[in-house]
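Sequence below, structure please.
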Amino acid sequence: MLRTAFFAALFAFALTSSGVVAQTIDTTPIPMPPKPDLTPVTYFVGTWSCTFKSARRAVPQFTTTVTTLDPGGRWLVEKSHTKPAAYFPHPSDAIDMITYDPFAKRWVDVETDSLGGYDVSASSGWSGNTMVWKDLTFVAVRDVVSASQVTTKKVSASKFTSTSSFVTAKGKTVGTTTVCTKA
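Numbers count the residues shown, from 1 in each chain. As a prediction, this is how the structure comes out:
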């Protein structure tokens, strides 16, 4: 008899508990995330020829970048091809996808490349003709132990530059400059 009463109480508790759970389930559909206004970065749409120069290398690397808006209008998509150079005889391809995160109130650039590289950077946006990108995923590799922010400047409607630097394991700061012109 005691055993029957225990199971009856347990069954009643289970019914009550499941009723409480059913009442707390939210069936409201999650709203669609807001579509970002990509107008501030549409400057980059088009085909660009770029030269990347590191202060510790005698010759630059050359990249061609084709930038478009994705069909859904949520991403700026940059597809780049970098030619091999004497000091790095490996061609590579990269895809940068840039969007605006309205919740974090920042621009985000997610990059991957054909050599296994990846990066995530963020920017608060344009200040005049300058946009500064902070690396969110820097990992020390080879002899590079830290890297500065990347500063991109609009020079004209058909030219921009990006500058940054990195520090080697020996403590040497090395500057880099990228110059891109619209084809």
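
Could I get the full set of strands for this structure?
With DSSP state E as the definition, the chain shows strands at residue ranges 46-54, 61-69, 76-82, 92-101, 106-113, 118-123, 126-127, 130-135, 144-147, 150-156, 159-168, 173-182.

a markdown table for those strands, including distance to P33 and mean neighbour count?
To be clear about C-beta, it is placed using only N, CA and C from the backbone, and glycine gets the same treatment. As requested, these are arranged in a markdown table below (distance: least, CB to CB, whole Å; neighbours: other CB atoms under 10 Å):
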| stretch | distance to P33 | mean neighbour count |
| --- | --- | --- |
| strand 46-54 | 27 | 16 |
| strand 61-69 | 17 | 17 |
| strand 76-82 | 16 | 18 |
| strand 92-101 | 9 | 17 |
| strand 106-113 | 13 | 17 |
| strand 118-123 | 17 | 16 |
| strand 126-127 | 23 | 12 |
| strand 130-135 | 22 | 16 |
| strand 144-147 | 31 | 14 |
| strand 150-156 | 26 | 15 |
| strand 159-168 | 29 | 16 |
| strand 173-182 | 31 | 16 |
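
Any stretches of the chain with poor pLDDT?
For the chain, residues meeting the criterion pLDDT under 70 lie at 1-22.

mind redoing it with 50?
1-2, 6-11, 13, 15-16 (pLDDT under 50).

and the strands of the chain as JSON lines, adding distance to T28?
Supplementary listing: the strands of the chain in JSON lines, determined by distance: least, CB to CB, whole Å:
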{"stretch": "strand 46-54", "distance to T28": "42"}
{"stretch": "strand 61-69", "distance to T28": "31"}
{"stretch": "strand 76-82", "distance to T28": "32"}
{"stretch": "strand 92-101", "distance to T28": "23"}
{"stretch": "strand 106-113", "distance to T28": "27"}
{"stretch": "strand 118-123", "distance to T28": "31"}
{"stretch": "strand 126-127", "distance to T28": "37"}
{"stretch": "strand 130-135", "distance to T28": "36"}
{"stretch": "strand 144-147", "distance to T28": "44"}
{"stretch": "strand 150-156", "distance to T28": "41"}
{"stretch": "strand 159-168", "distance to T28": "44"}
{"stretch": "strand 173-182", "distance to T28": "46"}
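
Alright, I will stop here.
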